[in-house]
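Trainee: Below: sequence and its predicted model.
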Amino acid sequence: MLRLIKDIDIKFMAIRRIPMFLSSILVVICLASILLKGFNFGIDFSSGYIVQLKFDKQISIVNIENKFSESNIEDITVQLYGSSKDVLIKLKDEEIFKKNNINNFLNDIFSDESFTISKLEYVGAQVGSELREKGEWAMLIALFSILIYVAIRFELIYGLGAITALIHDVIITLGVFSLFELTFDLSVLAAILAVIGYSLNDSIVVFDRIRENNIILRKLSILDVLDKSINQTLSRTLVTSLTTLLVIISLLIFGGDAVKNFSIAMFIGIIVGTYSSIFVASTSLSYFGIQRPEDS
Amino acid sequence: MPRYPLWKYILVLLVMIYAVIYTLPNFYETYPSINVSNYENRNISESELTKLTEDKSISYKGLDGKSIFFESIDDQLSAYNKLSSDQKFKYTLSNYNQIPKWLHAINAQPVSLGLDLKGGVHFLLQIDTENVRKSRANQLETNLRNFLIDNGIRYSNVINDNNEVKFVLINKNINANTLDALSDTFSDYDVSLLEEGEQKNIVARLSEESFADDVKASMTKNLAILRSRVDELGVSQPIIQRQGKDRIIVQLPGLQDSTRAKNILGSTATLEFRLTKGSQDDWTASETIGTNTISESILYRHKNGSPILLSRNVIASGKDIEGANSGFDSQTNQPAVFVNLSSFGASKMLETTSRNIGNTMAVVFVEQDKSEIINVATIREAFSKRFQITGIDMQEAKDLAILLRSGSLSAPMSIIEERTVGPSLGSENIISGRDSMILGMILVILFMFIYYKNFGLVANLALIANILIITATLSLFQATLTLSGIAGIVLTVGMAVDANVLIYERIREELFNGNSPNASIVSGYNKAFSTISDANITTLIAAIALLTIGTGVVKGFAVTLVIGILSSMFTAIIGTRAIISIIYENKTNKGLSI
């Protein structure tokens, strides 16, 4: 029998101050970055254009920037995309596009080149802020409905423990995106919501074991029950994280640019989620003052 | 070990038959195609189709019924360009696959791909509600003005801020009968006589309720107009639907380039016919001085930039046009739009032209706040209903004919969101999605086999069954699969094994505790059950919260995640159990390959 974890008995509760300290520092750093630095929002949330063009001949970035600045459009980013014939251009919602739409505009400024539009995305300011608002609501509704389900199925204190771990995961994943200025778009939001589901799944497995052990291991103290439950579920937690990470890695490698941001967010989220279901979810139960059922 | 109930075996078997059958259509290759039809919707014959392809020297892969199908999208588009100059038939870009009839009969179709995978254009348009308000206020002002004049009530000033129209009166006394008539005539509005000190004003206000009705009516009209415009773009299965109070979604699958669609859909362009005033000298003089040298005239510009004075009076405009077609002038062979006026427009045109033979008339192209003259021509003889407009290129003539035919939007619509993916990028997305899924599956399958041996193999069967069930369900419900949906499936692949991992770890524990192999299997499955359902239901809740956001990327992901969670619960709890039972039931096992 091949085993990742062999008969171990880690005293998680004895060392619970260490992960709590580490997590607190991480959460503070991430929160500070989110509040002070903010996000590098993609056009989904900040509005503007992303245009991917495929030229017949090689073209230089400077050349493209010049064409735009001739029309007094300076606030653009141009990057080559895969080959020297493909370019990705990001630009703001300029006043000029109200009169002459961007397709006609591109045809005008590149009239002496031959190109096709591979991709064009535009999000207006109003839609951008609506998407952001909807995203925040979805996150809150998800967290709240989970709290209610867990509180009904277990006890309120487990719901609080699960939510603590989730908020921890969301803040750190968001924080990494803020700190490293990774593009935050709708697909990242989808990933974060998926991470919520995933990390929750992990915490519930441990909680389920705690509930079971509370009934069958009557002689143990509550802290020992928490320890034992985490240890018993540890190999499952690691195996599942590993298989999920394997597919996320293959998405990162082969999924292409369209799912890159999604994959990065999932990758961070799953690692943080695994850590939190081992070190944060159950530990927070002890801080919330969980008791043996017969004691209460 | 107790016997595993027969009905569960049968259930597993039925689900797998369903999954295999409804996944089948996805294995038939799909080709880009063009559907050809007559304008009378009569089916086109095989020989007509063959002749058409020979006439236009089109290279294709095959013909079937009314479709010509092609090896590549490039072939399809070049054929479409060749064909669309021919107006004998109607052409739509589509996809073709050779699915057997029996699959069609049970409604088994390939998964419907999102625009990011098959290429196409997505627009979200919003109606300009301020414009609706403004035109309603202007209409109110005109009606009220006429009423006051008819009743001999004199006013000194009109203030119209689009919410409220105020007439400042000169008469000090208005009799009660007139006031009654006023509120009867304008019952849709909130009309009152206000006294500000000595001053008396009539104030009319548009109620929010009737404004909302106006917006609704404008939306209904615009929706119909957009439908008829989209019909002209030659796209198969376009989606045009209302979203919320003031928005319309337009999706045009397979469209290579959004340029033309954009120029046509949101366009408020219309035409006006006006007589010219004065001579070339007057026109240049008016431009240099800055004021018009001739009364009752407005300064316009020709497309080439030169100034021209036109009469204030419009002879006829877009709303008087009943039909329009593009083609070529029979004498000069220039591109032209042939216009049919309504009887009202025709009589005005006849009256004006018969009195102005030898004078010149201009055709003005009007689009929101931009107007330019596209043609100035001498009136050689009186005409009324039918005439032609030249001075534009072929593409402009085609687009203008479409716009005139469909009628003009009742309020301007602007594009507030666009997502266009070219077909070649779409197929790249399919390939990268598929490759990442295959690699992910291979990695997980290898790991599971190495880690759990035979039990791992069973979990791997469940994994493959999961992919089939998800694909079949997406196909059956024709839920749209997007790139983010593929990401959802890939994630499900990782998580699908989780339920099995939970069970196997439990079985291992039971074995360590010294239980017999068969007893360990039974209690492993039993004990893991509540954990699996709790864990999955909570994830399901998160996935349903995702669905409520309802936007493309997130929704696509959530749909596959929800299907994936349900199918992985089924395969792990009932499916793998059935296989394990077949292997280990009715035997005394010394050990388990786990």
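Mentor: Thanks, I have it.

Trainee: any idea how far chain A is from B:Thr480?
Mentor: In this view, B:Thr480 and chain A are 15 Å apart by Cβ to the nearest Cβ, to the nearest Å. C-beta here means a position set from N, CA and C on the backbone, and glycine is covered the same way.

Trainee: What sits closest to that residue if chain neighbours are left out?
Mentor: Nearest residue to B:Thr480, sequence neighbours excluded (Cβ to Cβ, 6 or more residues apart in numbering or on different chains): B:Gly114, at 4.7 Å.

Trainee: What strand or helix carries the closest residue to chain A within the stretch 201-350 of chain B?
Mentor: Nearest residue of the stretch 201-350 of chain B to chain A (Cβ to the nearest Cβ) works out as B:Thr259 at 3.7 Å. B:Thr259 is part of helix B:258-265, with elements assigned from DSSP states H and E.

Trainee: quick one on the thing from earlier: can you give me the neighbour number for the residue of the stretch 201-350 of chain B closest to chain A?
Mentor: The tally of other residues near B:Thr259 (other Cβ atoms under 10 Å in any protein chain shown) stands at 19.

Trainee: Need the contact partners of the helix holding B:Thr259.
Mentor: Helix B:258-265 has contacts (Cβ atoms under 8 Å, 6 or more residues apart in numbering or on different chains) with A:101, A:103-104, A:107, A:117, A:120, B:121, B:123, B:125, B:226, B:229-230, B:232-233, B:250, B:252, B:255, B:395, B:399, B:402-403, B:413, B:415, B:418, B:420.

Trainee: repeat for stretch B:376-394
Mentor: So stretch B:376-394 is contacted by B:271, B:276, B:302-303, B:308, B:326, B:329, B:332, B:334-341, B:343, B:346-347, B:349-350, B:353-354, B:356-363, B:374-375, B:400 (Cβ under 8 Å, 6+ apart).

Trainee: And for stretch A:276-283?
Mentor: Here stretch A:276-283 makes contact (Cβ under 8 Å, 6+ apart) with A:12-13, A:16, A:19-20, A:23, A:161-162, A:164-165, A:168-169, A:199, A:202-203, A:205-207, A:210, A:226, A:229-230, A:234, A:237.

Trainee: change it to 6 Å
Mentor: The contact list for stretch A:276-283 (Cβ atoms under 6 Å, 6 or more residues apart in numbering or on different chains) reads A:Arg16, A:Pro19, A:Ser23, A:Gly161, A:Ala165, A:His168, A:Asp169, A:Asp202, A:Ser203, A:Val206, A:Leu226, A:Ile230.

Trainee: Narrow those residues to those in strands?
Mentor: Among the contacts of stretch A:276-283, none falls in strands (DSSP state E).

Trainee: could those go into a markdown table alongside pLDDT, distance to chain B and neighbour count?
Mentor: Listed next are the contacts of stretch A:276-283 as a markdown table, based on pLDDT from 0 to 100; distance: Cβ to the nearest Cβ, whole Å; neighbours: other Cβ atoms under 10 Å in any protein chain shown:
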| residue | pLDDT | distance to chain B | neighbour count |
| --- | --- | --- | --- |
| A:Arg16 | 90 | 24 | 20 |
| A:Pro19 | 91 | 22 | 16 |
| A:Ser23 | 95 | 22 | 22 |
| A:Gly161 | 91 | 13 | 27 |
| A:Ala165 | 93 | 12 | 30 |
| A:His168 | 95 | 16 | 24 |
| A:Asp169 | 94 | 12 | 30 |
| A:Asp202 | 87 | 8 | 27 |
| A:Ser203 | 89 | 9 | 31 |
| A:Val206 | 92 | 10 | 27 |
| A:Leu226 | 93 | 17 | 25 |
| A:Ile230 | 93 | 14 | 22 |
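
Trainee: What ranges in chain B fall below the confidence cut-off?
Mentor: B:1, B:39-42, B:87, B:171-172, B:549-553 (pLDDT under 70).

Trainee: Show me how it divides into domains.
Mentor: Domain assignment for chain B by automatic domain parsing gives B:6-24+B:427-584, B:30-98, B:130-210, B:270-405.

Trainee: ranking the ones you listed by burial, who's on top?
Mentor: domain B:6-24+B:427-584 (a mean of 21; mean count of other Cβ atoms under 10 Å in any protein chain shown).

Trainee: Endpoints of that one, how far apart?
Mentor: Taking Cα to Cα, to the nearest Å, the first and last residues of domain B:6-24+B:427-584 lie 16 Å apart.

Trainee: starting at the chain centroid, how far to the strand or helix carrying A:Ile278?
Mentor: Using DSSP H and E, A:Ile278 sits in helix A:260-279. Helix A:260-279 sits 7 Å away from the centroid of its parent chain (Cα atoms, centre = their mean, to the nearest Å).

Trainee: same thing with stretch B:430-438?
Mentor: 27 Å.

Trainee: and that stretch, is it in reach of chain A?
Mentor: Yes. With Cβ under 6 Å from any Cβ of the partner chain as the measure, stretch B:430-438 is seen reaching chain A through B:Ser432, B:Asp435, B:Ser436.

Trainee: What about these, which are in helices?
Mentor: B:Ser432, B:Asp435, B:Ser436 (DSSP state H).

Trainee: Quick one: the helices in the stretch 351-500 of chain B, in order.
Mentor: With DSSP state H, counting those that start in this stretch as the criterion, the stretch 351-500 of chain B has helices at B:394-406, B:423-477, B:483-512.

Trainee: would you turn these into CSV with distance to B:Gly244?
Mentor: Compiled in CSV, these are given as follows (distance: least, Cβ to Cβ, whole Å):
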stretch, distance to B:Gly244
helix B:394-406, 23
helix B:423-477, 24
helix B:483-512, 23
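
Trainee: Can you say which of these is nearest to B:Pro2?
Mentor: Smallest distance to B:Pro2 across the helices of the stretch 351-500 of chain B (Cβ to Cβ): 15.7 Å, for helix B:483-512.

Trainee: For the very next helix or strand once past the closest one, what is the distance to the chain centroid?
Mentor: Next helix or strand after helix B:483-512 toward the C-terminus (DSSP H and E): helix B:517-549. Computed by Cα atoms, centre = their mean, the chain-centroid distance of helix B:517-549 equals 39 Å.

Trainee: For helix B:517-549, name the packing helices and strands.
Mentor: Applying 3 or more Cβ pairs under 6 Å, 6 or more residues apart in numbering or on different chains; DSSP states H and E, one finds that helix B:517-549 makes contact with helix A:125-153, helix A:186-216, helix B:483-512, helix B:552-570.

Trainee: how about 8 Å then?
Mentor: With contacts defined as 3 or more Cβ pairs under 8 Å, 6 or more residues apart in numbering or on different chains; DSSP states H and E, helix B:517-549 has these neighbours: helix A:125-153, helix A:186-216, helix B:483-512, helix B:552-570, helix B:576-584.

Trainee: Rebuild those as CSV, extending it with distance to B:Thr142.
Mentor: Formatted as CSV, the helices and strands packed on helix B:517-549 follow (distance: least, Cβ to Cβ, whole Å):
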stretch, distance to B:Thr142
helix A:125-153, 32
helix A:186-216, 47
helix B:483-512, 52
helix B:552-570, 44
helix B:576-584, 76
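
Trainee: Out of those helices, flag the one nearest B:Leu13.
Mentor: Of all the helices and strands packed on helix B:517-549, helix B:576-584 sits nearest to B:Leu13, with 8.8 Å by Cβ to Cβ.

Trainee: tilt between the closest one and helix B:483-512?
Mentor: 40 degrees (axes from the mean of the first three to the mean of the last three Cα atoms, to 10 degrees).

Trainee: now what about helix B:576-584, what contacts it?
Mentor: B:1, B:4, B:8-9, B:12, B:454-455, B:458-459, B:461-462, B:500, B:503, B:517-518, B:521, B:525, B:592.

Trainee: and if we set it to 7 Å?
Mentor: Outside helix B:576-584, the residues that touch it by Cβ atoms under 7 Å, 6 or more residues apart in numbering or on different chains are B:1, B:4, B:8-9, B:12, B:458-459, B:461-462, B:500, B:518, B:521, B:525.
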